[in-house]
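>>> from the sequence below, what's the structure:
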Amino acid sequence: MRMRLLAAITSFGLATAVLMAQQAPPKPGAETKKLDAFAGKWQGEAEMKPGPWGPGGKMTSQDDCSWFEGGWQLVCNSSGSGAMGSMKGQGVMGWNADEKVYKYMGYDNMGMMTYATGTNTGNTWNWKSTDKMGGKTVHSRYTVTLTSPTTQTFKWETSEDGKTWATMAEGKSTKK
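Numbering: from 1, shown residues only. The predicted model follows:
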(Lines give C-alpha, C1' and ligand atoms only; values in the text may rest on other atoms or scores of the structure.)
Protein backbone atom coordinates (compact mmCIF):
# COMPACT_ATOMS: atom_id res chain seq x y z
CA MET A 1 0.00 0.00 0.00
CA ARG A 2 2.77 2.39 0.96
CA MET A 3 4.59 1.73 -2.34
CA ARG A 4 1.43 2.46 -4.39
CA LEU A 5 0.91 5.75 -2.54
CA LEU A 6 4.53 6.75 -3.06
CA ALA A 7 4.29 5.83 -6.77
CA ALA A 8 1.06 7.82 -7.15
CA ILE A 9 2.55 10.91 -5.47
CA THR A 10 5.70 10.66 -7.59
CA SER A 11 3.66 10.28 -10.80
CA PHE A 12 1.47 13.26 -9.86
CA GLY A 13 4.57 15.35 -9.11
CA LEU A 14 6.20 14.46 -12.42
CA ALA A 15 2.99 15.14 -14.39
CA THR A 16 2.62 18.54 -12.69
CA ALA A 17 6.27 19.41 -13.43
CA VAL A 18 5.84 18.42 -17.11
CA LEU A 19 2.66 20.52 -17.46
CA MET A 20 4.27 23.53 -15.80
CA ALA A 21 7.36 23.22 -18.00
CA GLN A 22 5.14 23.29 -21.09
CA GLN A 23 3.50 26.56 -20.05
CA ALA A 24 5.45 29.70 -20.80
CA PRO A 25 5.75 32.23 -17.99
CA PRO A 26 3.29 35.13 -18.28
CA LYS A 27 4.40 38.10 -20.33
CA PRO A 28 3.59 41.76 -19.66
CA GLY A 29 0.64 43.05 -21.68
CA ALA A 30 -0.09 46.23 -23.58
CA GLU A 31 -0.95 48.26 -20.45
CA THR A 32 2.44 47.46 -18.88
CA LYS A 33 4.25 48.27 -22.12
CA LYS A 34 2.76 51.79 -22.13
CA LEU A 35 5.18 52.59 -19.28
CA ASP A 36 8.00 52.23 -21.80
CA ALA A 37 7.37 55.90 -22.61
CA PHE A 38 9.22 56.68 -19.35
CA ALA A 39 12.17 54.31 -19.89
CA GLY A 40 15.57 55.89 -20.44
CA LYS A 41 17.57 58.80 -19.06
CA TRP A 42 15.73 62.06 -18.52
CA GLN A 43 16.91 65.52 -17.55
CA GLY A 44 14.39 67.89 -16.03
CA GLU A 45 13.93 71.35 -14.66
CA ALA A 46 11.02 72.74 -12.70
CA GLU A 47 9.85 75.76 -10.76
CA MET A 48 8.84 74.79 -7.23
CA LYS A 49 6.34 77.04 -5.47
CA PRO A 50 6.90 78.01 -1.80
CA GLY A 51 4.96 75.75 0.55
CA PRO A 52 5.22 72.83 2.94
CA TRP A 53 7.92 71.22 0.78
CA GLY A 54 10.30 74.15 1.03
CA PRO A 55 10.91 77.73 0.01
CA GLY A 56 10.42 77.19 -3.71
CA GLY A 57 12.70 78.05 -6.58
CA LYS A 58 14.40 76.28 -9.45
CA MET A 59 14.85 72.52 -9.33
CA THR A 60 16.81 70.18 -11.58
CA SER A 61 16.48 66.42 -11.89
CA GLN A 62 18.05 63.44 -13.58
CA ASP A 63 16.05 60.22 -13.86
CA ASP A 64 17.31 56.88 -15.09
CA CYS A 65 14.41 54.47 -15.65
CA SER A 66 14.86 50.87 -16.74
CA TRP A 67 12.80 47.69 -16.76
CA PHE A 68 13.17 45.33 -13.84
CA GLU A 69 13.92 41.74 -14.84
CA GLY A 70 10.82 40.19 -16.36
CA GLY A 71 9.54 43.48 -17.77
CA TRP A 72 6.67 44.00 -15.30
CA GLN A 73 7.95 47.06 -13.40
CA LEU A 74 9.87 50.16 -14.41
CA VAL A 75 12.45 51.20 -11.81
CA CYS A 76 13.57 54.84 -11.74
CA ASN A 77 16.62 56.16 -9.90
CA SER A 78 16.49 59.92 -9.48
CA SER A 79 18.79 62.69 -8.34
CA GLY A 80 18.45 66.42 -8.36
CA SER A 81 18.89 69.69 -6.56
CA GLY A 82 16.72 72.54 -5.42
CA ALA A 83 16.28 75.05 -2.63
CA MET A 84 16.40 72.26 -0.02
CA GLY A 85 19.67 70.82 -1.36
CA SER A 86 20.57 67.59 -3.10
CA MET A 87 17.92 64.95 -3.51
CA LYS A 88 18.07 61.23 -4.30
CA GLY A 89 15.15 58.90 -4.76
CA GLN A 90 13.91 55.66 -6.20
CA GLY A 91 10.51 54.78 -7.61
CA VAL A 92 8.83 51.76 -9.13
CA MET A 93 5.88 51.85 -11.57
CA GLY A 94 3.77 48.97 -12.81
CA TRP A 95 0.33 47.94 -14.03
CA ASN A 96 -2.04 46.13 -11.68
CA ALA A 97 -4.30 44.06 -13.93
CA ASP A 98 -6.64 43.05 -11.09
CA GLU A 99 -7.38 46.65 -10.11
CA LYS A 100 -7.01 48.06 -13.66
CA VAL A 101 -4.75 50.85 -12.42
CA TYR A 102 -1.09 51.81 -12.55
CA LYS A 103 0.77 51.83 -9.24
CA TYR A 104 3.78 53.80 -8.08
CA MET A 105 5.85 53.38 -4.92
CA GLY A 106 8.71 55.71 -4.11
CA TYR A 107 11.01 57.09 -1.44
CA ASP A 108 13.78 59.68 -1.17
CA ASN A 109 16.58 60.92 1.06
CA MET A 110 14.33 63.66 2.50
CA GLY A 111 12.25 61.06 4.35
CA MET A 112 9.38 60.93 1.87
CA MET A 113 7.72 57.58 1.15
CA THR A 114 4.67 57.58 -1.08
CA TYR A 115 2.28 55.33 -2.91
CA ALA A 116 0.21 56.55 -5.86
CA THR A 117 -2.26 55.17 -8.36
CA GLY A 118 -2.29 56.26 -11.96
CA THR A 119 -4.34 56.31 -15.12
CA ASN A 120 -3.41 56.90 -18.73
CA THR A 121 -5.45 58.61 -21.42
CA GLY A 122 -3.59 59.12 -24.69
CA ASN A 123 -0.44 61.10 -23.92
CA THR A 124 -1.57 62.15 -20.43
CA TRP A 125 -0.76 60.30 -17.24
CA ASN A 126 -2.52 61.20 -13.98
CA TRP A 127 -1.14 60.02 -10.64
CA LYS A 128 -2.92 60.52 -7.30
CA SER A 129 -1.82 59.94 -3.72
CA THR A 130 -2.85 60.73 -0.18
CA ASP A 131 -0.17 61.17 2.48
CA LYS A 132 0.25 62.59 5.98
CA MET A 133 2.51 65.56 6.62
CA GLY A 134 2.80 67.20 10.01
CA GLY A 135 -0.33 65.36 11.12
CA LYS A 136 -2.37 66.68 8.18
CA THR A 137 -3.74 64.77 5.22
CA VAL A 138 -2.26 65.96 1.94
CA HIS A 139 -3.75 64.89 -1.39
CA SER A 140 -1.44 65.09 -4.39
CA ARG A 141 -2.01 64.79 -8.07
CA TYR A 142 0.80 64.65 -10.56
CA THR A 143 0.02 65.09 -14.25
CA VAL A 144 2.54 64.16 -16.95
CA THR A 145 1.91 64.99 -20.59
CA LEU A 146 4.10 63.33 -23.20
CA THR A 147 4.52 66.11 -25.75
CA SER A 148 6.82 63.96 -27.92
CA PRO A 149 8.74 60.67 -27.50
CA THR A 150 11.60 62.68 -25.98
CA THR A 151 9.81 65.48 -24.11
CA GLN A 152 7.31 65.60 -21.29
CA THR A 153 5.78 68.34 -19.17
CA PHE A 154 4.60 67.81 -15.61
CA LYS A 155 2.53 69.55 -12.97
CA TRP A 156 2.32 68.66 -9.27
CA GLU A 157 -0.68 69.90 -7.28
CA THR A 158 -1.67 69.42 -3.64
CA SER A 159 -4.84 69.84 -1.61
CA GLU A 160 -5.82 69.47 2.04
CA ASP A 161 -9.49 68.79 1.30
CA GLY A 162 -9.19 66.99 -2.06
CA LYS A 163 -11.23 69.75 -3.74
CA THR A 164 -9.17 72.96 -3.73
CA TRP A 165 -5.85 72.44 -5.50
CA ALA A 166 -2.64 74.49 -5.43
CA THR A 167 0.19 74.06 -7.91
CA MET A 168 3.40 73.07 -6.11
CA ALA A 169 5.67 72.61 -9.15
CA GLU A 170 5.64 72.70 -12.94
CA GLY A 171 8.37 71.68 -15.30
CA LYS A 172 9.69 69.84 -18.30
CA SER A 173 11.90 66.79 -18.85
CA THR A 174 13.87 65.84 -21.95
CA LYS A 175 15.13 62.38 -22.81
CA LYS A 176 18.88 62.27 -23.29
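>>> for the protein, what spans make up the helices?
Using DSSP state H, the helices of the chain run over 2-22, 30-33.
>>> check those helices for me: which has the lowest mean pLDDT.
Note on the helices of the chain: helix 2-22 shows the lowest mean pLDDT, a mean of 58.
>>> check contacts around Lys155.
Lys155 makes contacts with Tyr142, Thr143, Thr167, Ala169, Glu170, as judged by CB atoms under 8 Å, 6 or more residues apart in numbering. For the C-beta atoms, the positions are set from N, CA and C on the backbone; glycine is no exception.
>>> repeat that with 6 Å
Neighbouring residues of Lys155 by CB atoms under 6 Å, 6 or more residues apart in numbering: Thr143, Glu170.
>>> in this protein, which helix or strand is least confident?
helix 2-22 (a mean of 58; mean pLDDT, DSSP states H and E).
>>> which residues of the chain score low on pLDDT?
Within the chain, the ranges that satisfy pLDDT under 70 run 1-22, 52-53.
>>> repeat the analysis, applying 90 as the threshold.
Low-confidence segments of the chain (pLDDT under 90): 1-26, 50-56, 82-85, 110-112, 132-136.
>>> just the strands in it please.
Taking DSSP state E, the strands of the chain run over residues 40-48, 57-67, 73-82, 85-96, 101-108, 113-121, 124-133, 136-148, 151-159, 166-175.
>>> these into CSV, with extra columns for distance to Ala24?
CSV is the format used below for the strands of the chain (distance: least, CB to CB, whole Å):
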stretch, distance to Ala24
strand 40-48, 28
strand 57-67, 18
strand 73-82, 19
strand 85-96, 19
strand 101-108, 25
strand 113-121, 27
strand 124-133, 30
strand 136-148, 31
strand 151-159, 34
strand 166-175, 32
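>>> which residues touch Gln43?
Neighbour list for Gln43: Gln62, Thr174, Lys176 [criterion: CB under 6 Å, 6+ apart].
>>> pull the contacting residues for the closest residue to Asn123 other than its chain neighbours.
Leaving aside its sequence neighbours, Asn123 sits nearest to Leu146 (CB to CB, 6 or more residues apart in numbering; 4.3 Å). Residues counted as contacts of Leu146 (CB under 6 Å, 6+ apart) are Ala37, Asn123, Gln152.
>>> drop anything exposed from these.
When neighbours are counted using 16 or more other CB atoms under 10 Å, the contacts of Leu146 contain these buried positions: Ala37, Gln152.
>>> thank you kindly, that will do.
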